[in-house]
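[1] need the 3D shape of this:
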Amino acid sequence: MNPIKEDLSELIKKKVYFFDLDGTIYIGNQLFEGVIELIDVLKRKGKKFFFLSNNSSKSTSDYIKKLKDLNLNVTRENLILSQHPTIDYLKKKNYEKIFLLGTESLKREFRQEGFILTETDPEIIVLAFDQEVTYERLVKASYLLQNNIPYIATHLDDRCPTKKGYIPDAGGIAALLYKATERMPKVFGKPNKEMLLFKLEELGIHPKDAAIFGDRLYTDIKMGIDVGVTTCCVLSGEATLETIEKSKTSKPNFIIEGIWNFLEALNNHVLKDMDL
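    Just a heads-up that it's a prediction; the model follows:
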C-alpha cells in the first residue's frame, strides 16, 4: 500500500473539512509543510473547515493565540476542542464546584465560564490533559473517586506526539487513577461523535459531504466512521501503516503521508479546472 498514490478526488469534492491538530496540522510548535497554503486554497474554493483537538492542555483563547503565532488566522468559530462539550455538559447538569485536573491555562477558561474550582468539596472531578499534574493532586483525586464522586474527562488519548517522541496524555493519567480506584470517567472528546454531529447539524450538511483528517485510529478515524463522514488518516503523527493494517474496526477510507498530499491533490484539481 503506497499512501502517496491514493486517488484523492473524492476528498476534493467535500463541502466541509475537519482537521485534527496535534500530529496532523503540527507537531509541538512546528507547522507541517503546506498547511498555510492549504487553508488559503480552501478559503478561495469556499470550503468550510474546522480544527479539532482533544488536547485540553490549553484554553480556547490560548489555542487561538498559538494558531495565530503559527500564522494561521482562525477564529473561535473554526475551533472544536474537547473542553467545549465538557463545559456544555457541566452547565446543563448545573455543576458549579469542580475538582479540575488541568493546567492553569484551562483553569482560567473554566473560571471564566463561571465554575468554582476546589479541592475540598467538589461536586464532580474533571480530568483533562494536565501537563502540570502533581502526585499530591493525584492522591486527592484518588480519595475523592473512592467516595464515588461523579467523574468525567475531556478526552482519553493515551499519548501526545512531540518532536522528541510521545508523552503521557489524559488517558495515561486516567489509567494511573484506575489502578488506584478502579474507576474510569465518562468521556466527551473524540471519539464521541457529538463533536462532529453538532457542527454538521448546525451547518445543515450531510455527513457524506464532509471529511475528517487525523493521525489517531481510535479517536479521529473511529469518530469519523461512527458519524459517517469520509476518513483520511495521516502518517505524520501516531498512526503507521502497520497499526492501520492491524486495526479491525477503524480502517480509514484514505491514507496519506501528511496533509501536504491533500494540498497537492487540491492544487492539481485547480490546475485541471483552469485547463478546461
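[2] beta partners for the spatially most central residue of the chain?
    The C-alpha lying nearest the average C-alpha coordinate of the chain belongs to S53 (C-alpha atoms, centre = their mean; 2.3 Å). Per DSSP bridges, the residues bridged to S53 are L81.
[3] how close does it sit to H206?
    Distance, S53 to H206, using C-beta to C-beta, to the nearest Å: 24 Å. Every residue, glycine included, has its C-beta placed from N, CA and C.
[4] cool, and L101?
    Counting by C-beta to C-beta, the gap from L101 to H206 is 38 Å.
[5] which one's more surrounded, these two?
    Neighbour count, other C-beta atoms under 10 Å: between L101 and H206, L101 has more, with 25 against 12.
[6] so what pairs up with the more buried one in the strands?
    L127.
[7] looking at it now. What's its pLDDT?
    Note on L101: pLDDT of 98.
[8] was I right about it contacting K140?
    No - between L101 and K140 there is no contact under C-beta atoms under 8 Å: 9.4 Å.
[9] what's the residue nearest to Y166 when sequence neighbours are not counted sitting at in phi/psi?
    Leaving aside its sequence neighbours, Y166 sits nearest to R159 (C-beta to C-beta, 6 or more residues apart in numbering; 4.1 Å). As for R159, its main-chain torsions (degrees, to the nearest 10) stand at phi -150, psi 160.
[10] ditto for E37
    phi -60, psi -40.
[11] which residues touch it?
    Applying C-beta atoms under 8 Å, 6 or more residues apart in numbering to E37 gives the contacts L263.
[12] what about it, distance to S53?
    21 Å.
[13] ok, L241 next?
    24 Å.
[14] returning to that earlier point: so the residue nearest to Y166 touches I173, yeah?
    No - contact criterion C-beta under 8 Å: R159 and I173 do not qualify, at 11.2 Å.
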